[in-house]
Every structure is written in C-alpha cells, then in structure tokens.
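Undergrad: turn this into a structure:
(3 chains)
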Amino acid sequence: MPELPEVETIKRELQTLLTGKTIVRCRVMRPDIIGYPETREFKRRIRNQVITRIHRRAKYLLMDLAGGSTLIFHLRLSGALLVKTKGKISRHARIVFLLNDGSNLIFDEPRVLGRAYLINKDEQPHVLKGFHELSYEPISPEFDLAYFAKNLGKRKAIIKSVLLDQKVCAGVGNIYSDEALFRAGIRPFRRASRLKPAEIFKLLLALKDVLHLGIKHLGTSVSDYRRVNEQTGNFQKMLRVYAQEGKPCKVCGTPIVVKKIGNRGTRYCPKCQK
DNA sequence: ATGACGTCCTGCCTGC
DNA sequence: TGCAGGCAGGACGTCA
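TA: Numbers count the residues shown, from 1 in each chain, chains lettered A, B, ... in the order given. So this is what the prediction gives:
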C-alpha cells in the first residue's frame, strides 16, 4: 500500500513527466472516487488547467494548478497514478486525465477507497479535515527526540497504533511501522507511554531509517503498489517482518508471527522484540 | 480528549 | 467447477 516512501517515489516520477503539462479534460468512470467537489464541478474546474508544481504531504500527492486550485490524491490501499501514452486503459481506471501532449494520467484504484479532491486556494473544506490535521513527518527535522518523546509520553495506546496515527507520525503506515518496531527491538503491543527513553530514541532513528531506505529503494511492492510506469519498487526484498510471517527471523531464526491489532495485521519477531 | 472498534470497497484466496 | 465467505487495510465516524 502506498505510504510515505511510495507516494514520494510516485511524486518524483510525476514531476518529470507532468510538470508544465495541461490537463485538457477528464473522464470519470467512478464518481464516488471524487471526494470533493461533486463530479460535474470537478470536471468543469479541471479543464485546461496547467500543472505548475507536484508535491507531497504525508501520503497525499498534490498537483498545483495555474488557476490557483490544487488537485489532491490519496491512494489509500491500492491506488496508483499511471502515465500512459498508448495501450489500453485498465479496467480499474477510475479517472482518466487527458493531457495536452496526448498522454493520459490514470487514477487507477481497484478497491475504490482512494480519493481525488480539487480544492480552491481559499477553500478549506471539511472533507480534507485529516489533511489539515497532519503532524510532522518522521523524515522532517522537526520530528526530533523532544517531539517524539512528548507525543509518546501522553499516549496510553499501544505503540503500533500511535505510529499509525497521522496526527503523530504523518505518512507512516502498516509496513514501515512494523519494520521500524523490529529494527528498534520493540514489541508492537507495548504501551507508548511506557517506553524507556533509550527505546524512544532507537525507535526514532529506526523510523527515519526505514522511511529513507524505502524512498531510496523506490518503495515496497508486496501487493498493489505500482509506480507511474507500472514498475514495482524494491524495498520488499529488504523487509524483515512485514509479509514475512512464518519465515525465520533474519537475526535469530525464530519464526515471525502475525497478530491482529485493531483490524490490521502486525508482524514481529517474538524473540528479538521485547 | 482518548482509545477501541466498525465501516467503506473490491479482488483474491480458501474451503466446501 | 462454482460460489459463499473471509480477509486485506487507511482514514474516519461513533461510542464509551
């Protein structure tokens, strides 16, 4: 699923392919993929807009348009942004943006959980509440020991849930939270407020480390994540616990286990993680 | 305010 | 072979 490193990879690829191009118009196959505004208005506002800048905030991908509005995507679990000049359009294409050079930007999303938004400059609609509540990203300089320790200290929830909280660790998802906890040697079920200072520091470094590694290796393709040309990332080859259940731990040989936390699978080594 | 949990949605996998 | 049911999971709403 696209988390911070995957969206960062997609962003970098789209920057070279789309910056300066014009969205002539779009075709919407599934109106419910549009979070805001309603479909007719979305299609009307998107016409003949020049893409001036492409950037990223946590797991959101943003395209600034010359008219002052921003096209925002959240890919959720299975979304992809594909650029194609020819070939047939996949059956999971939900929105197709026709560009002035004849190529297409395709918002492909099998599970229809992802969303596209078109937001005017001075508009702060409640539909993007989560976006405005995002905290620092672990790879940013502001995400330091003081910030992390303060936010973990006031939370009684288990550490895994806190890592997934976008109001604490913006951009972190299931893959990188499991990987960071493994590298820090911390069990996902530990209460956040009960972690020792040394553990918080190790976890901080592990989080920064796995996210940077994920970016360096162009993301993790274990299920649905695809880059703009449909190629995969490479970080799945370096995973130590995520999608490794049943396999021996690379450090101690103990089989990696998977347990439910909330409604999501959590993988860890029962021996290495205390 | 916080934490726990259900819901959305579809494709894929499993088991009968 | 065919199909029902379970599962995956990020964000968000609801409830205690």
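Undergrad: what sits against residue A:43?
TA: Contact analysis of residue A:43 by CB atoms under 8 Å, 6 or more residues apart in numbering lists A:25-26, A:28. Bear in mind the C-beta positions are built from the backbone N, C-alpha and C, glycine included.
Undergrad: so is the helix or strand hosting residue A:105 next to DNA strand C?
TA: Using DSSP states H and E, the secondary-structure element containing residue A:105 is strand A:104-108. No: contact of strand A:104-108 with DNA strand C (CB under 7 Å from any atom of the strand) is absent, the minimum separation being 14.7 Å.
Undergrad: okay, and the residue of chain A found nearest DNA strand C sits in which element?
TA: As assessed by CB to the nearest atom of the strand, DNA strand C sits closest to residue A:130 within chain A, at 2.2 Å. Remark: residue A:130 resides in helix A:129-132, with elements defined by DSSP H and E.
Undergrad: render the CA-only coordinates of that helix in PDB, please.
TA: Once non-C-alpha atoms are left out, helix A:129-132 reads as follows in PDB (Å, rounded to 0.1, in the frame of the first residue of the first chain):
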ATOM      1  CA  LYS A 129     -10.000  17.500   7.700                       C
ATOM      2  CA  GLY A 130      -7.400  14.800   8.000                       C
ATOM      3  CA  PHE A 131      -5.100  16.600   5.700                       C
ATOM      4  CA  HIS A 132      -5.200  19.700   7.800                       C
END
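Undergrad: please see if the next helix or strand after it touches DNA strand B.
TA: Going down the chain from helix A:129-132, the next helix or strand is helix A:145-153, by DSSP H and E. No: for a cut-off given as CB under 7 Å from any atom of the strand, helix A:145-153 has no contacts with DNA strand B; the smallest distance is 9.0 Å.
Undergrad: please list the residues of chain A that sit near DNA strand C.
TA: By CB under 7 Å from any atom of the strand, the part of chain A that sits against DNA strand C consists of A:1, A:3, A:58-59, A:74, A:76-77, A:111, A:113, A:128-131, A:133, A:164, A:166, A:173-175, A:258, A:260, A:263-265.
Undergrad: among the residues you listed, name the ones in strands.
TA: Within the residues of chain A next to DNA strand C, residues falling in strands by DSSP state E are A:74, A:258, A:260, A:264-265.
Undergrad: farthest-apart pair in those residues, please.
TA: A:74 and A:258 (26.0 Å; CB to CB).
Undergrad: more neighbours: which of those two?
TA: Legend: neighbour count by other CB atoms under 10 Å for residue A:74 and residue A:258, higher for residue A:74 (21 against 15).
Undergrad: list the contacts of the closest residue to that one other than its chain neighbours.
TA: For residue A:74, the nearest residue in space outside its immediate sequence neighbours is residue A:115; the separation is 5.1 Å by CB to CB, 6 or more residues apart in numbering. Residues touching residue A:115, when contacts are defined by CB under 8 Å, 6+ apart, comprise A:33-35, A:73-74, A:76.
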